[in-house]
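**Q** Here is my input; please provide its structure:
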Amino acid sequence: MLPWAGPEAGPADPAALDTDPELLLRVLCHEFRTPVSALTSLTRALADDRLALTGDDRRALTALAHEQAVHLQGLLRDAAAGTGALAPAADPVAPLSEILRGAAALVPPHRRLTGVTRRAGGCPVPRRRTRQVVTNLVENALRHGPPAGRIGIHAALGRCGLRIVVTDEGRVDPPLVDALCRPAPGAGASGLGLWIVRRLLAADGGRLRLHRLRPRGVALEVVLPVLGGGRPTPRGHGLTR
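**A** Predicted coordinates for the structure are as follows:
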């Protein structure tokens, strides 16, 4: 699946937020955008009579909206406490499948590809940080991949740990490689999401790597240490394709 391995992301500068108040503001605005956008889309879907949603559909959308609201509340608490949106504080765990369901909801169903093994879906992960990592990668794929291209979300357990891969049908270009190597993001929004991902992964001993897919496509692979010896929780399950 991942025939060409590009660079592994370099370390994000942990002191950048402390020395650059403007960067802190940009990070906060960037991280607020995802839950606000998701809540807007989910509540619009719930109110749209043309979708003919079943009771199960409505319960699923309501649960996703609740998850995003809780995520937004957490970001607001961090901002009010002056700790920013990337505080490596104690983070409760949740099954990976719960995190991936919310991230997958950001992708239109006709563009979505998922493949999550039952063991990977049941793995406990830090809830808030992993949600931020995966949603940032999905939003990056939506923003930089082809407008009608497919977005893949995959997860499996391997010898090196828990692997989460987000793919799109774009190209590996110099700005992407540069964004993975810079210790701090440049001006504007370019590369900010990937810098946030790298900083969050550093808090959990994870890493990020770039792959070029054949015949075309980009894959960003997250590898996280497995918590609890890799034993899935009872709630774990794969995503519906």
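
**Q** any chance you could map the helices in this structure?
**A** Secondary structure of the chain (DSSP state H): helices at 16-19, 21-47, 55-80, 96-104, 118-121, 127-144, 174-181, 192-203.

**Q** Mind putting those into a markdown table with mean neighbour count?
**A** Where C-beta positions appear, they are placed from N, C-alpha and C, glycine not excepted. Formatted as a markdown table, the helices of the chain follow (neighbours: other C-beta atoms under 10 Å):
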| stretch | mean neighbour count |
| --- | --- |
| helix 16-19 | 15 |
| helix 21-47 | 16 |
| helix 55-80 | 16 |
| helix 96-104 | 23 |
| helix 118-121 | 20 |
| helix 127-144 | 23 |
| helix 174-181 | 15 |
| helix 192-203 | 22 |
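
**Q** Quick check: which of those is nearest to Arg163?
**A** Nearest to Arg163 among those is helix 118-121 (7.6 Å), distances taken as C-beta to C-beta.

**Q** which residues does the residue nearest the centre of the chain contact?
**A** Central residue of the chain (C-alpha atoms, centre = their mean): Val134, 1.1 Å from the mean position. Going by C-beta atoms under 8 Å, 6 or more residues apart in numbering, Val134 touches 99-100, 103, 153, 164, 166, 222.

**Q** Of these, which is the nearest to Ala90?
**A** Ile99 (17.2 Å).

**Q** Quick check: that closest one touching Arg127?
**A** Yes - between Ile99 and Arg127 there is a contact at 7.0 Å, judged by C-beta atoms under 8 Å.

**Q** Count residues in the vicinity of the closest residue to Gly217 other than its chain neighbours, would you?
**A** What sits nearest to Gly217 in space, not counting adjacent residues and going by C-beta to C-beta, 6 or more residues apart in numbering, is Glu169, at 5.0 Å. Neighbours of Glu169 under the rule other C-beta atoms under 10 Å: 18.

**Q** picking up where we left off before, tell me the pLDDT of the residue nearest to the centre of the chain.
**A** Looking at Val134, its pLDDT reads 93.

**Q** cool, the one 4 residues further on as well?
**A** On the pLDDT scale, Val138 is placed at 93.
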